[in-house]
Each structure stands twice: as structure tokens, then as C-alpha cells.
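>>> return a 3D structure for these sequence lines:
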Amino acid sequence: MDNPNCAAIVRDMKNDSDILITGGGLSGPILALALAQSGHRVIVIDALSEKVRKNAAFDGRSYAVALTSRRLLAGIGVWDAVADHSQPMLEIKVSDGRAGEGPSPFFMHFDHAEIEEGPMGHMVQDRHLRRALLDAMAATDGVTHLAGETVVAQNVAPSGVSVTLASGKVLNGSVLVGADGRSSGTAQRAGIKRNGWTYDQTALVCAIAHEKPHNGIAHQFFMPAGPLAILPLPGNVSSIVWSEAEQVASAFNALPDEEYLEMLRPRFGNFLGEITLTGARYTYPLSLSLAAHLVAERTALIGDAAHGVHPIAGQGLNAGMRDIAALAEVITDATRRGEDPGSVAVLARYEEWRRFDNTALALATDSFNRLFSNDNALIRGLRDIGMGLVGNMPTLRRGFIREAAGLTGDLPRLMRGAPL
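Numbers count the residues shown, from 1 in each chain. I've put the predicted structure just below:
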């Protein structure tokens, strides 16, 4: 009997897989699981060894998983594995700030109780999500995870696409998906150019333990040098994403832990009591990177390979999740209709679906960063008034809450909680 949940896929038996995915971070495995559940054979080519990914220690890296992204993870059978390690974000407070002065009296306050769907999102540590994805891939028929392999060449033909690995092995498929980050080799080999610029800012990332409970409240302080995000994790722990000018960040990062905390404390404030570091510290440069196209012949880009944005709104991963849900839906629907999923016409549907949203997000985060990462008295006064107005207008405030939860726009089925 035919399985109604499986795609009726017409396969070229010479292919090793229907879909080849380069990149084993987050986006690649999530897409692989979504496609496998709709009947596709998928190979994930991962440059890191499985041991390195699976044995990652707590290093402070965490993600704000929006409500609709949580639906996607639930739909591919991963959410239950991380739910007990997640922290619901019940409120978000946004304000201007200066080191040693505390937040501005003008602020925006978003409470999940203003929408019916539940918490706006959950904070999930990188180590828990990656482990859950590795376990899910290992348990899912149709997914092959090639760890410790890199792609050195790719070739497109009318009937399919092939990649050559550093080991010399050649793999064939119908579609090649680049989930290999901002410096995507898949995009480069496909001739897809990128637009963007650096912000001359560096994000200092760590986790801190604190005396008082955070009560599931996320804070965003707009400091003169860049935003400081304080994001709640399970227990009395928060993840910190602290943006500073490059040279300042480099100097701070070179400090011993206690001196590093002395720099953080006047920016963080004392509203959570005494703070201490837990886990490792690390940095990454901040930039905008936008692929000129999301698709090429038999090739598609998702996640950071398609768009790398400033973390000011915490939406980078969630935008990638929308890419994944949209591409999985486009490919699955096409194969069920008997179409070639790697054809120009099919992949163009994905680009049309996601191009505007990705560009709009890139422009919005760029504008917000330029507006808020300065200490001009006039601009500061105007934006404080603006935040105060938004915070006191229920309809506008509710719109921001729904945007943060990912509930706006043309949502793919997996992000609506529906199966592919």
C-alpha cells in the first residue's frame, strides 16, 4: 500500500541520493531530516568529524528559537530531545543604555501573554541542538551523514549534479544544497556572488551565572558601541552577545576572566545580582553577507550561505529555518507532482518565496544597527521617544511580538505545525 506521507519520487538509480547537502552545522541536518520524512534520500557532507560535533562542551553559544522554528523542529522529531534543556522566552525588554548608567526610562516591553500561541520562542544551547540533530540523522532512514568530508568540486549536468570529495569519492544527486556558511564554497563554485560589508564590530559571546532568577525575560540594551543581549537559559544562567568596536573587543577578550567581568558588569548592571562566567568565551566579527541569488542550476542556498545578518534581532537562525521549511516544501511538492526537483522552474519557486524576506531582514538589521550603535544625542532622543510610543501602543506592540515569534508572512507548512 502506498504511504500517503511519502513523496512519489521518480529516481535516477545511478544517483547516490536525491539531495546532496554540503554543511553539517544546523541548517544542513534540519533540511535533511525534513526531506527524509517526506521520502527523499539525502546525503549530508560535513567537514567536521561526528566526535567533535557530538562531544562539544558548554561554551555559551545559544539560539533564540522562535515559536514557528520550534514547530519546524517538532515536525522533524527533534524538539522533544531538546525541550527539557530549553528556556521559554516569556518577555523581551528593549532599552537604550550606557555603561554604569543602567537602562533608559524609555523602553519597549513585549509579553508573550499578548498572543494566543504561547511563548515567543525558546533559548536552546548549541551543544544540545547539535547532539539532537546528530542522533536524529543516525536514526532516520534516508539520511546519510558523511562526517570529516569536504567538497572540492561540483559539476552540473542536465540530468543531475555531482560533487567530488577531498577523499576522491564522487557523489551524484538531483539537487545540491549549500548549507556551508557565509563563505559558502557551494555558492562560489556555482558562480553566485555576494554583497555585503563589515560593521567594524565584534561580538563577545559567553554565558554568565547570576544570583537572581531571570524569570524568562530577555533583555536588549542598545549601548553606544553596539547592542548587548542578555538571553535567558535554564536555571540562573544567561547567554551574552555583547557587541563592541573591533579593537575594544579584542582588548576585552584578551583579559583574564575576572578583568573581563569587570568590563561587563557596568554594562550588564546589577538587576540579576552578582554575575560569574560559566563555560568558555569566544568572539566573532560582525558583518552583512547576502547572496546575489538563492539558486543556480540544480543548486540552492539556505541559512548563512544565503544570508548572514547582524545578530541585533536574533533572527539569523530563524530566517534560515524559514529557508529550510520553504525549500523542503517546494522540493516535496514538486516530486509529488512528478517534476524534476532540480529544474530551474522548481528552484525558482524557492527563490521567489524567500528572496524578499531575506533581503528585508538584512536591510532591517543593518538599519537598526546603524540607528542604535551610536551615541548622538539627537538620534538617541528620537529613538527613545519612538520606543516609548511603540511600548504604549497595544496594536503595534502586538505586531512586534508576532514578528519576534515568526508568525508573520507566508509561512511554510512545517512552520504552521502542519506536515509536509
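>>> show me the helices in the stretch 251-400 of the chain, by range?
Along the stretch 251-400 of the chain, counting by DSSP state H, counting those that start in this stretch, helices occupy 257-268, 316-336, 344-372, 377-391, 394-404.
>>> what is the orientation angle of the last one with helix 316-336?
What it means is helix 394-404. Angle between the axes of helix 394-404 and helix 316-336 is 70 degrees (criterion: axes from the mean of the first three to the mean of the last three C-alpha atoms, to 10 degrees).
>>> now the helices of the stretch 251-400 of the chain as CSV including mean pLDDT and mean neighbour count?
Yep, even glycine has a C-beta here, placed from its N, CA and C like the rest. Converted to CSV, the helices of the stretch 251-400 of the chain look like this (pLDDT from 0 to 100; neighbours: other C-beta atoms under 10 Å):
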stretch, mean pLDDT, mean neighbour count
helix 257-268, 95, 15
helix 316-336, 97, 25
helix 344-372, 92, 17
helix 377-391, 78, 14
helix 394-404, 89, 15
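>>> low-confidence stretches in the stretch 101-250 of the chain?
Low-confidence segments of the stretch 101-250 of the chain (pLDDT under 70): 102, 104-106.
>>> quick one, helices of it?
Remark: helices assigned in the stretch 101-250 of the chain by DSSP H, counting those that start in this stretch are 126-139, 185-189, 246-253.
>>> tell me what the shortest one is packed against?
Applying 3 or more C-beta pairs under 8 Å, 6 or more residues apart in numbering; DSSP states H and E, we find helix 185-189 packed against strand 151-157, strand 175-178, strand 299-301.
>>> show me what the last one is packed against.
What it means is strand 299-301. strand 175-178, helix 185-189, helix 344-372.
>>> partners of it, with directions?
Sheet pairing here is set by DSSP bridges, and for strand 299-301 it gives strand 175-178 (parallel), strand 295-296 (antiparallel).
>>> what's the closest of those strands to residue 331?
In terms of C-beta to C-beta, the element of the strands paired with strand 299-301 nearest to residue 331 is strand 175-178, at 6.7 Å.
>>> off-centre distance for the closest one?
Chain-centre distance of strand 175-178: 18 Å, with C-alpha atoms, centre = their mean, to the nearest Å.
>>> could you do stretch 127-134 as well?
With C-alpha atoms, centre = their mean, you get 14 Å for stretch 127-134.
>>> before we move on, the earlier item: need the winner for burial among the helices of the stretch 101-250 of the chain.
helix 185-189 (a mean of 21; mean count of other C-beta atoms under 10 Å).
>>> now do it: everything it contacts.
With contact meaning C-beta atoms under 8 Å, 6 or more residues apart in numbering, helix 185-189 is reached by 22-23, 151, 153-154, 176-178, 180, 194, 291, 299, 301, 305.
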